[in-house]
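S.K.: here is the input, now give the coordinates:
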Amino acid sequence: MPAKIEKELNTLIKNFIWNSQLPSLSMRTLNSPTSEGGRNVLNIQARNEAIHLMKLKKILDRSPDRPPAADAAEAIIICSLPKHTRDQEAHDPRIIDIFTQQIFNKHRYVSKTLPHEIKAILNTGAKYNLALDDVNLPLNIRLDLPAWYHIGTEEHVKSRENTPAAKCLRNTHNCQRTGNLLILANILDNPQHRRWNKSCSCPPCTNFKMASCKNPETCYQLANHMISNLKPQYNPCTAPIRCPPPSGDERAIIKSHSLNGPSSIKVIKTFPNPKDHASVLRIHNSQITSASFRKRITNPLPLRLTPPKKLSTDTVAYTDGSCTGNGETDAKAGFGVWIAPECPDNASLPVDRIFPQTNNSAEVLAINHAITTTPLRARLHIKTDSRWCVNALTVNLEKAEDQDYISTPQPLAIKNTISSLRMRNGIVSIEWIKGHNGCAGNENANELATLGSAKTPDNGSVTPTSCQGTPA
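M.R.: A predicted model of the protein is given here:
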């Protein structure tokens, strides 16, 4: 919608509400929800931006169902690039996905060759920091990123996109992805290869010479240079070792801890499994400054690179939440965690005031407390009587992350719990059990939760962990 029409509609709304008199409240207050003192009046600007973001999502789509209009829009965007940054041919092999390449990474788009609608879509994406969710990128995504105009290249590195060796990499070696560069760079460590020797007769050099590569060694060195100058969060050589899926023996151990049968227990996926780099492009529903964005890029969460031991101990934790006056303004919530009699990790704590004082909030924070207090390498088996928690952390998690938790209840508590999960090396399973059904562990956790809700929360009761590990 043009800005002029948007302004006229806002004027009509204000005149209708205030009967053409001087407004007593700002439009920002009127647009706010009633729970925050507003009147929940339709925010036309936000609605238009939401429409633009949905269109941008279609352009970013790489599935077989991608609409033809998205292909046309991307072609128009590529044609708007300056001529000195792209080849004159119809298809530039360096440009694979402009949204994950430096060539089109801008804070504002002002090109006169771009149609107004496409420009508005791109500017909305830039406003809300369309970017790779680059915290703990998995190895397959790092290998799939475009090799040229790489978004993770260090700022001080001089571009070598147009050197003869670079052109040979593209045309002869068909290097389009970072993974292609890594394969060539690894040839330098081949014991049969003679470095800095044009007459090297090792199998890779022989094959590339037959394919019209004049100096394979130079191409290997350039590929190695491009890999070495990637930021750590993009470099495939520094990809974190993640907790692998449970092996056959581990699955048997997990099932042995089930109280309702093997089919009722679920393993929480510590990390999502994106298929390609386009699937980790994220829009932040709240604006962040460019300075804080750069800080998030350059200072990601510390990675735990040590893989879990195969023979890890098993911890069974019963969790429960309690809330007096649930739904009321004076509600008080608390949670309990019970592991074993006289166990020092048993907990009975109130929910801090930074979280909503609800039963669901207490249930999630009980799980979070169990995750953060048990040994990182231990297999943790959580037993909870909250089906909502089980679904929120398993079947509904991927959808919630894709929507940036917009429609997810207790988003802060869920984000904290997922962030804690991603700091673990051990496998975490969760199982729903029926509450107040004679299960000693559940009864003990419920008693601790009731005691916790009666306590007075302080600033140190439950502190939110860093949520940078969650998709934006």
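
S.K.: this protein: strands as residue ranges?
M.R.: 131-132, 265-267, 281-282, 314-324, 332-338, 347-350, 379-384, 428-432 (DSSP state E).

S.K.: residues in contact with the residue lying closest to residue 318 once chain neighbours are set aside?
M.R.: Counting by Cβ to Cβ, 6 or more residues apart in numbering, residue 318 lies nearest to residue 441, which is 3.6 Å off, once chain neighbours are set aside. Yep, even glycine has a C-beta here, placed from its N, CA and C like the rest. Counting by Cβ atoms under 8 Å, 6 or more residues apart in numbering, residue 441 touches 316, 318, 338, 383.

S.K.: swap in residue 208?
M.R.: Contacts of residue 208 by Cβ under 8 Å, 6+ apart are 172-173, 216, 219.

S.K.: show me where pLDDT drops low in the stretch 251-400 of the chain?
M.R.: Along the stretch 251-400 of the chain, the parts satisfying pLDDT under 70 run over 269-312.

S.K.: count of neighbours near residue 214?
M.R.: 13 (other Cβ atoms under 10 Å).

S.K.: hang on, it packs against residue 168?
M.R.: Yes - shown here, residue 214 and residue 168 form a contact pair, counting by Cβ atoms under 8 Å, at 7.4 Å.

S.K.: looking at the contacts of residue 208, which one is closest to residue 450?
M.R.: residue 173 (66.7 Å; Cβ to Cβ).

S.K.: ok, that closest one to residue 206 distance?
M.R.: 14 Å (Cβ to Cβ, to the nearest Å).

S.K.: neighbour count winner among those two?
M.R.: Neighbours were counted for residue 173 and for residue 206 using other Cβ under 10 Å; residue 173 has more, 20 against 12.

S.K.: ok, back up a step: any idea how far the residue nearest to residue 318 is from residue 391?
M.R.: 21 Å.

S.K.: for residue 412, same thing?
M.R.: Distance, residue 412 to residue 391, by Cβ to Cβ: 18 Å.

S.K.: ok, now residue 18?
M.R.: Using Cβ to Cβ, residue 18 is found at 45 Å from residue 391.

S.K.: before we move on, what about residue 80?
M.R.: Distance of residue 80 to residue 391, given as Cβ to Cβ: 44 Å.

S.K.: equivalent analysis for residue 262, please.
M.R.: Applying Cβ to Cβ to residue 262 and residue 391 gives a distance of 19 Å.

S.K.: next: residue 73.
M.R.: As judged by Cβ to Cβ, residue 73 and residue 391 stand 36 Å apart.

S.K.: more crowded one of these two?
M.R.: residue 73 (21 against 14).

S.K.: shouldn't the more buried one be in contact with residue 118?
M.R.: Yes - between residue 73 and residue 118 a contact is recorded at 5.7 Å, counting by Cβ under 8 Å.

S.K.: that older thread, with respect to residue 9, which of the strands of the chain lies nearest?
M.R.: strand 281-282 (30.1 Å).

S.K.: the stretch 251-400 of the chain: helices as residue ranges?
M.R.: 290-298, 359-373, 387-393, 397-402 (DSSP state H, counting those that start in this stretch).

S.K.: cool, the stretch 101-250 of the chain as well?
M.R.: For the stretch 101-250 of the chain, helices defined by DSSP H, counting those that start in this stretch occupy the ranges 116-127, 139-144, 164-171, 178-186, 203-210, 216-228, 248-256.

S.K.: circling back to that earlier point, looking at the contacts of residue 208, spot the one nearest residue 61.
M.R.: Using Cβ to Cβ, the shortest approach to residue 61 within those belongs to residue 173, at 29.7 Å.

S.K.: ok, and the closest non-adjacent residue to residue 386?
M.R.: Counting by Cβ to Cβ, 6+ apart, residue 363 is the residue found nearest to residue 386 once chain neighbours are left out, at 4.2 Å.

S.K.: run a quick neighbour tally on the one you found.
M.R.: Using other Cβ under 10 Å, residue 363 has 27 neighbouring residues.

S.K.: which residue ranges make up each domain of this structure?
M.R.: According to automatic domain parsing, the chain comprises the domains 3-108, 158-228, 300-453.

S.K.: now for these, which one comes closest to residue 147?
M.R.: Closest to residue 147 of the domains of the chain is domain 158-228 (Cβ to Cβ; 5.2 Å).

S.K.: so how far is that closest one off the chain centroid?
M.R.: Centroid displacement of domain 158-228 relative to its chain, using Cα atoms, centre = their mean, to the nearest Å, is 33 Å.

S.K.: quick check: mean pLDDT across that domain?
M.R.: In this model, domain 158-228 has an average pLDDT of 89.

S.K.: start at 772, not 1
M.R.: Will do, 772 is the new start, and the previous item becomes domain 929-999.

S.K.: between the two ends of that domain, what distance do you get?
M.R.: 13 Å (Cα to Cα, to the nearest Å).

S.K.: and for stretch 931-940?
M.R.: 11 Å.

S.K.: how about it: buried residues?
M.R.: For stretch 931-940, burial by neighbour count (16 or more other Cβ atoms under 10 Å) applies to 936-937, 939-940.

S.K.: can you lay out those residues as CSV showing distance to residue 909?
M.R.: Shown next, in CSV, are the buried residues of stretch 931-940 (distance: Cβ to Cβ, whole Å):
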residue, distance to residue 909
936, 30
937, 27
939, 30
940, 25
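
S.K.: of the residues you listed, which is the nearest to residue 819?
M.R.: Nearest to residue 819 among the buried residues of stretch 931-940, with distances taken as Cβ to Cβ, is residue 937, at 41.9 Å.

S.K.: so what's the residue lying closest to that closest one once chain neighbours are set aside up against?
M.R.: Leaving aside its sequence neighbours, residue 937 sits nearest to residue 931 (Cβ to Cβ, 6+ apart; 5.5 Å). By Cβ under 8 Å, 6+ apart, the contact list for residue 931 reads 937, 993, 996-997.

S.K.: biggest separation within those, which pair?
M.R.: Pairwise over the contacts of residue 931, using Cβ to Cβ, the maximum falls at 937 and 996, 10.4 Å.

S.K.: returning to that earlier point: select, out of the helices of the stretch 872-1021 of the chain, the one closest to residue 869.
M.R.: helix 887-898 (10.1 Å).

S.K.: that older thread, output the helices of the stretch 872-1021 of the chain in a markdown table, with distance to residue 1038 appended to each entry.
M.R.: Shown next, in a markdown table, are the helices of the stretch 872-1021 of the chain (distance: least, Cβ to Cβ, whole Å):
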| stretch | distance to residue 1038 |
| --- | --- |
| helix 887-898 | 35 |
| helix 910-915 | 20 |
| helix 935-942 | 42 |
| helix 949-957 | 29 |
| helix 974-981 | 41 |
| helix 987-999 | 34 |
| helix 1019-1027 | 7 |
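
S.K.: okay, residue 991 and residue 1115: tell me how far apart.
M.R.: Applying Cβ to Cβ, the value for residue 991 to residue 1115 is 56 Å.

S.K.: many thanks, have a good one.
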